[in-house]
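Colleague: How does the following fold in three dimensions:
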Amino acid sequence: MQSVIPRVLLAGTNSGCGKTTVACAVLQALVNRQMKVGAFKCGPDYIDPMFHSKIIGAKSANLDLFFFSENTLRYLLAKNGEDRDISIIEGVMGYYDGMGLTTTRASTYHVAQVSNSPVVLVVSAKGVSLSVLATIQGFLSLYPDNQIQGVILNQCSAMTYPGLEEAILRQFEGRIQPLGFLPPMPQCTLESRHLGLVTAAEVDRLREKLQAMAAQAEKTIKLDKLLKLAQGAAPVNCTPVVLPQYHQRVRIAVARDNAFCFYYEDSLEALREMGAELVPFSPLTDHSLPEDIQGLYLGGGYPELYAQRLSENHEMRRSVRRALEQGLPCIAECGGFMYLTQAIGEYPMVGYLPGQCEDRGKLTRFGYVTLTAQEDTMLCRKGQSIAAHEFHHWDCSRTGAGFTARKASGKTWQCVVANEHLYAGYPHFHFYANPDFCKNFYETCLKEDGSHAGTDEAHGHREKKL
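Modeller: The predicted structure follows:
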């Protein structure tokens, strides 16, 4: 399979250099031009894709070479970019920063190599002038096959940019194109918290900020040259990843609100492709699970920020616990897992699982892991594995022992409460990392009769497909 996917990858020199700001500004400017735009994020992040989706009105997909094989990554790039005029891929961390201090594995550079995408380097010009040349020179010379073809300066004033542009052209003799700049825009700051940016749903005046950023991009970023660079990208070659198709539909309730919003959209799409109907509900505001469901998906998010409201929704807590006690198949990742425990801080939760969740004040068991099942469970047989990721400050006194988590360093620990109807633990995973996990979840849901929950009318949430 060969697909023509116009694309450009926006890479950063480091976290905090402004690549998300530049990516959002460019995406909104291209959307304002009435273009059909695709968006991708390197790595396991959930939050940046939410901003992308708000802008383009469609899902933003993750490209992660710890989760995916090279072919799967190229397939998801082709699948999600095939009908787009241009796709913008936002990098993660610094361009060469991989999953360890001394490796480029799963880095933005690694994604650029595997996807054969042209790269534009975002360089912060705050507090420097000609020194940006040294930064650019370092990134160009570290690995000659770097794919870097352009540079955008962030936090650069209109007064200093012309001189820096001339210096870049002179120093690199056309090897790299200066593609413009964004000046400091304090009125457009995107707030952050310990997991990165706050979610798109929480940003005050988000639309206004995005439009201001887009207007600036139209003035000072050379969008036409960026488009030309994207249109010159090589075709994407891959073998399609084929998922099983089921004639019998299942209804899976998916928690979607400000407390539970961390989902890999391609994972949800995989369930749909198999035949699932995904029914959104809110543990914050609804009073029971949707009716006639055969499965439940509680994603991650920030339940600790909404713990009091979640706790005060006694009807929903009882509905979830009753359904799980009756054997409703359930995936509960990170925040979803916390919701099923006895309490988050001082606030009682569903109470289906033992354990108390407390804020540790720092990242706990952070990073990529490989999960290996210690027994046969809903998702897999004993000994089978899947790539996963942990990123949380809160921890639980009882994290389970259904899987062994192993880091690349060799460090291991036990985690996840797992049985024939349940996966509940801190590690997040992506179904395309091992599609058999998705297949097994779907087939477990098929065995259910759909009698576990209350009615849609009871919880006042109008049913709609995700």
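
Colleague: Can you list the low-confidence ranges for the stretch 101-250 of the chain?
Modeller: For the stretch 101-250 of the chain, the stretches with pLDDT under 70 are 190-204.

Colleague: same thing but at 90, please
Modeller: 101-102, 174, 186-210 (pLDDT under 90).

Colleague: secondary structure class for residue 416?
Modeller: strand (DSSP: H, G, I helix; E, B strand; the rest coil).

Colleague: which residues of the stretch 251-400 of the chain fall in strands?
Modeller: 251-255, 260-262, 277-281, 295-298, 300-301, 330-333, 343-344, 347-348, 356-359, 367-373, 385-390, 394-396 (DSSP state E, counting those that start in this stretch).

Colleague: okay if I get these as JSON lines plus mean pLDDT and mean neighbour count?
Modeller: Heads up, the C-betas are built off the backbone N, CA and C, glycines and all. Below are those laid out as JSON lines (pLDDT from 0 to 100; neighbours: other CB atoms under 10 Å):
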{"stretch": "strand 251-255", "mean pLDDT": "98", "mean neighbour count": "24"}
{"stretch": "strand 260-262", "mean pLDDT": "93", "mean neighbour count": "23"}
{"stretch": "strand 277-281", "mean pLDDT": "98", "mean neighbour count": "21"}
{"stretch": "strand 295-298", "mean pLDDT": "98", "mean neighbour count": "26"}
{"stretch": "strand 300-301", "mean pLDDT": "94", "mean neighbour count": "26"}
{"stretch": "strand 330-333", "mean pLDDT": "98", "mean neighbour count": "26"}
{"stretch": "strand 343-344", "mean pLDDT": "98", "mean neighbour count": "22"}
{"stretch": "strand 347-348", "mean pLDDT": "98", "mean neighbour count": "16"}
{"stretch": "strand 356-359", "mean pLDDT": "95", "mean neighbour count": "18"}
{"stretch": "strand 367-373", "mean pLDDT": "96", "mean neighbour count": "21"}
{"stretch": "strand 385-390", "mean pLDDT": "96", "mean neighbour count": "22"}
{"stretch": "strand 394-396", "mean pLDDT": "93", "mean neighbour count": "21"}
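
Colleague: Compare those strands and give me the one nearest residue 114.
Modeller: Among these, strand 385-390 comes nearest to residue 114, with 15.5 Å by CB to CB.

Colleague: who does that closest one touch, helix- and strand-wise?
Modeller: With contacts taken as 3 or more CB pairs under 8 Å, 6 or more residues apart in numbering; DSSP states H and E, strand 385-390 sits against strand 367-373, strand 428-429.

Colleague: Could you dump the ones you listed into JSON lines with distance to residue 394 added?
Modeller: Formatted as JSON lines, the helices and strands packed on strand 385-390 follow (distance: least, CB to CB, whole Å):
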{"stretch": "strand 367-373", "distance to residue 394": "16"}
{"stretch": "strand 428-429", "distance to residue 394": "14"}
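
Colleague: coming back round to it: could the strands of the stretch 251-400 of the chain be laid out in a markdown table, adding distance to residue 30?
Modeller: Listed next are those as a markdown table, based on distance: least, CB to CB, whole Å:
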| stretch | distance to residue 30 |
| --- | --- |
| strand 251-255 | 30 |
| strand 260-262 | 25 |
| strand 277-281 | 29 |
| strand 295-298 | 32 |
| strand 300-301 | 29 |
| strand 330-333 | 32 |
| strand 343-344 | 40 |
| strand 347-348 | 43 |
| strand 356-359 | 40 |
| strand 367-373 | 32 |
| strand 385-390 | 30 |
| strand 394-396 | 38 |
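
Colleague: List the contacts of residue 214.
Modeller: Going by CB atoms under 8 Å, 6 or more residues apart in numbering, residue 214 touches 25, 28-29, 31-32.

Colleague: Pretty sure residue 106 sits against residue 387.
Modeller: No. The pair residue 106 / residue 387 is not scored as a contact, 9.7 Å apart, by CB atoms under 8 Å.

Colleague: Neighbours of the closest residue in space to residue 267 that isn't next to it in sequence, how many?
Modeller: Distances taken as CB to CB, 6 or more residues apart in numbering place residue 431 nearest to residue 267, at 4.2 Å, with adjacent residues excluded. Using other CB atoms under 10 Å, residue 431 has 25 other residues around it.
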